[in-house]
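**Student:** this is the structure alone, sequence omitted:
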């Protein structure tokens with residue numbers, strides 16, 4: 001569950017995943033840099049694949065917003081929309097920067 005209040009995103013995650021979450025989120029930050037590299041190379045196929053992966057990984061860990069962002073990246077890559085990819089990367093960076101994870 002995500003609570004978008006005052007630019008903070010609070011997500012409740014199963015406590016069994018607590019040890020995995022820091023590495024998972026660090027990898028998502030790395031994804032931003034990867035997509036920027038792919039953009040420099042106009043490698044839309046790799047961007048689409050990364051978006052697809054983000055979509056699945058987000059759902060698997062309980063980060064529904066990451067799933068949505070992954071879908072947006074994947075679709076924008078299919079459409080070769082540089083503007084939408086860049087906007088979505090900004091949204092991803094904002095999400096990660098303002099994310100608060102609570103374990104239940």
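**Tutor:** Yes, it's here. Just so it is clear, the model here is predicted, and its values are computed rather than measured. Residues are numbered from 1 along each chain as shown.
**Student:** quick one: the helices in this protein?
**Tutor:** For the chain, the helices defined by DSSP state H cover 21-40, 44-61, 64-78, 82-97.
**Student:** the longest one vs helix 64-78, what angle?
**Tutor:** Angle of helix 21-40 versus helix 64-78, following axes from the mean of the first three to the mean of the last three C-alpha atoms, to 10 degrees, is 20 degrees.
**Student:** residues of helix 21-40 that come out buried?
**Tutor:** Within helix 21-40, the residues scored as buried using 16 or more other C-beta atoms under 10 Å are 21, 24-25, 28, 31, 35, 38-39. (C-beta placed from N, C-alpha, C; glycine too.)
**Student:** over to the last one?
**Tutor:** Of all the residues in helix 82-97, those buried under the rule 16+ other C-beta under 10 Å are 85, 88-89, 92, 95-96.
**Student:** and residue 87, how close does it get to residue 73?
**Tutor:** 10 Å (C-beta to C-beta, to the nearest Å).
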